[in-house]
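1. 3D, please:
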Amino acid sequence: MTQYRHQMKYIMSLVERKDVLKRQALLTDIMHQHKAHDQRFQQMANCKRREAKIREQPRDSKIRLRAQRYVSRFQQQFQSAIGLQQEQGGAARDVQLADALDVSSAPDACDRHEHRSGVGLLPQVGSLVAGLDGDEFRDAVLRLLFHLFLSPFALRCPPPPRYRFRIIGDIIKKLEASGREVPELAYHIHGQLSSAADADRTDGHVVYQLTETAVVALWEDRRLMAADTTGLRTWQAGKALLDWYLLRPEAIQGRRVLELGAGLGLTGLALCRTCSPASYHVTDGHPLVVEMLKYNVLKNLELAKDDLPVVDESACAAFVSDAPASAPLKPRGGPADGGATCVGDLRMTLDGTELRAGTLDWFTFTAEEAGGLDVDLVLTADVTYNPELHEPLVRTLRLLLDHVRRPPEVLMALTDRNEGTTARLMAELAVQGLKPRLLATPANNQSSFLMDEVSKVKIFQITRIPDLPAA
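-> This next block holds a predicted model:
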């Protein structure tokens with residue numbers, strides 16, 4: 001206010017001296033200052049109103065709105081294993097039946113490669129099921145129940161209990177609403193799932209169908225954060241990095257790969273099953289994530305050895321012919337039921353690739369450890385969301401580039417969720433003498449995992465900044 005009085009006093013002196021130009025310039029400047037002040041005041045008022053509105057919302061509403069933002073991306077229908085075989089006889093009826101029951105409206109939507117125990121969300125193919133009736137319709141329902149809950153693969157890799165319970169409930173509701181007879185088996189399955197002690201759990205197997213014969217089964221927790229970590233589910237950047245090599249299998253065939261922050265192992269296991277690297281070392285630094293990673297490695301080795309089909313038509317035909325009114329659901333198994341893994345690193349061979357799973361702590365990683373690694377490709381995906389991890393991560397990459405006998409190629413996939421976080425990462429790379437080169441964005445990386453501009457996934461190649469020549 002004192003400054004304002006001085007300005008007005010000066011203006012009056014200009015009036016007395018009849019200095020019109022200076023007076024007009026000063027008045028214009030004062031008007032701009034007041035306009036900027038009004039704008040800042042309005043922004044602060046709007047911000048306070050928004051905060052007050054959020055505080056007034058019930059807690060459940062805020063959680064629901066937050067969940068809807070994340071789920072909305074994935075609520076599209078994609079091809080599943082049954083969809084791939086929809087032209088092969090009875091599988092086509094399962095797809096038609098799922099359309100009639102509107103199973104695709106189930107809450108857990110999946111990516112094109114992802115489904116639950118060989119069924120997932122089936123694509124809409126029109127209302128062709130209208131012609132099915134009587135025993136024909138009953139058989140189609142039994143086939144669907146078999147593939148969802150009772151096939152050998154579904155029993156070996158059961159999906160999350162909450163998912164199974166909501167799916168069977170949705171099937172029963174749609175059948176009852178349509179006036180069709182609900183098979184006794186559906187009620188029996190619903191009863192078993194509703195009375196289970198773990199009916200509300202969100203962790204279980206998620207199966208990724210890579211090709212008609214190659215699948216990867218992961219034990220995941222579908223929550224965004226579980227057990228104080230985000231590493232118990234797969235994320236978009238890891239899927240984008242996987243797609244980068246699925247489209248270029250020759251770029252990784254025969255390579256010796258180290259993956260940092262591998263999480264549950266989708267990228268590594270899928271590349272081992274489809275692209276034949278010479279060796280692959282999957283690592284993470286969180287103890288619980290490492291245990292889940294080892295479990296997933298052992299589970300997929302077991303599935304590869306047994307060569308269990310995702311869709312077993314002969315077993316399905318025998319099941320439908322028996323038309324049982326009840327069938328026990330096998331306990332869900334998994335790490336929580338004694339599936340503990342070995343102490344130390346896990347070493348094995350998967351589809352001809354030497355696979356190793358274990359711990360690599362960026363905070364304690366040393367030059368000696370880097371020098372003892374035999375790798376020519378380093379991969380990492382979706383590990384830059386926390387700025388506190390930037391320094392140890394980048395330092396680890398620098399040690400690998402400096403001390404591995406032959407400097408490896410380094411690829412980093414990240415989701416650009418926050419411009420400030422990404423800028424801090426780029427600054428840390430520069431401090432450590434590294435530079436990123438953008439290789440792919442959703443616009444130029446064709447993907448089966450819904451990589452679009454909204455996901456903001458980018459893939460960088462990380463190299464050392466060459467030393468400047470002496471002056």
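
2. where does the protein dip in pLDDT?
-> Counting by pLDDT under 70, the chain contains low-confidence ranges at 1-27, 29-30, 32, 34, 51-134, 331-333, 336-343, 442-455, 468-471.

3. make it 80
-> For the chain, applying pLDDT under 80 flags the ranges 1-137, 174-175, 177-180, 212-213, 222, 224-228, 323, 330-344, 440-455, 467-471.

4. how is the protein divided into domains?
-> Taking automatic domain parsing as the reference, the chain has its domains at 2-65, 79-150+161-201, 228-471.

5. my read is that Ala357 contacts Asn300, right?
-> No. Using Cβ atoms under 8 Å, Ala357 makes no contact with Asn300, being 10.8 Å away. (Glycine included, C-beta is placed from N, CA and C.)

6. between those two, point out the one with more neighbours.
-> Counted by other Cβ atoms under 10 Å, Ala357 and Asn300 do not tie: Ala357 has more neighbours, with 27 against 23.

7. three-state assignment of the more buried one?
-> Here Ala357 is recorded as strand under DSSP: H, G, I helix; E, B strand; the rest coil.

8. tell me how many other residues crowd the closest residue to it other than its chain neighbours.
-> Excluding its sequence neighbours, the residue lying closest to Ala357 (Cβ to Cβ, 6 or more residues apart in numbering) is Leu346, at 4.4 Å. By other Cβ under 10 Å, 19 other residues sit near Leu346.

9. repeat for Ala214
-> By other Cβ under 10 Å, 15 other residues sit near Ala214.

10. kindly report the same for Ser194.
-> Residues within reach of Ser194, counting by other Cβ under 10 Å, total 11.

11. now swap in Pro183 and tell me
-> By other Cβ under 10 Å, 22 other residues sit near Pro183.

12. my guess is it contacts Leu142. True?
-> Yes. Judged on Cβ under 8 Å, Pro183 makes contact with Leu142 at a distance of 6.3 Å.

13. what's near enough to touch the residue nearest to Ala357?
-> Neighbouring residues of Leu346 by Cβ atoms under 8 Å, 6 or more residues apart in numbering: 294, 297-298, 356-358.

14. by neighbour count, which of those residues wins?
-> Neighbour counts for the contacts of Leu346, by other Cβ under 10 Å, peak at Ala357, which reaches 27 neighbours.

15. what's near enough to touch that residue?
-> 262, 265, 281-283, 290, 293-294, 297, 345-346.

16. repeat that for 10 Å
-> Neighbouring residues of Ala357 by Cβ atoms under 10 Å, 6 or more residues apart in numbering: 259, 262, 265, 268-269, 280-284, 290, 293-298, 341-342, 345-348.

17. try Met412
-> Counted by Cβ under 10 Å, 6+ apart, Met412 has contacts 237, 241, 260-261, 378-384, 393-394, 397, 425, 429, 436, 439, 458-462.

18. at 6 Å what do you get?
-> Met412 is in contact with 380, 460, 462, counting by Cβ atoms under 6 Å, 6 or more residues apart in numbering.

19. for Trp235, give its distance to Gly263.
-> Relative to Gly263, Trp235 is positioned 7 Å away (Cβ to Cβ, to the nearest Å).

20. neighbour-wise, which of the two wins?
-> A direct count of neighbours by other Cβ under 10 Å for Trp235 and Gly263 places Gly263 higher, at 29 against 21.
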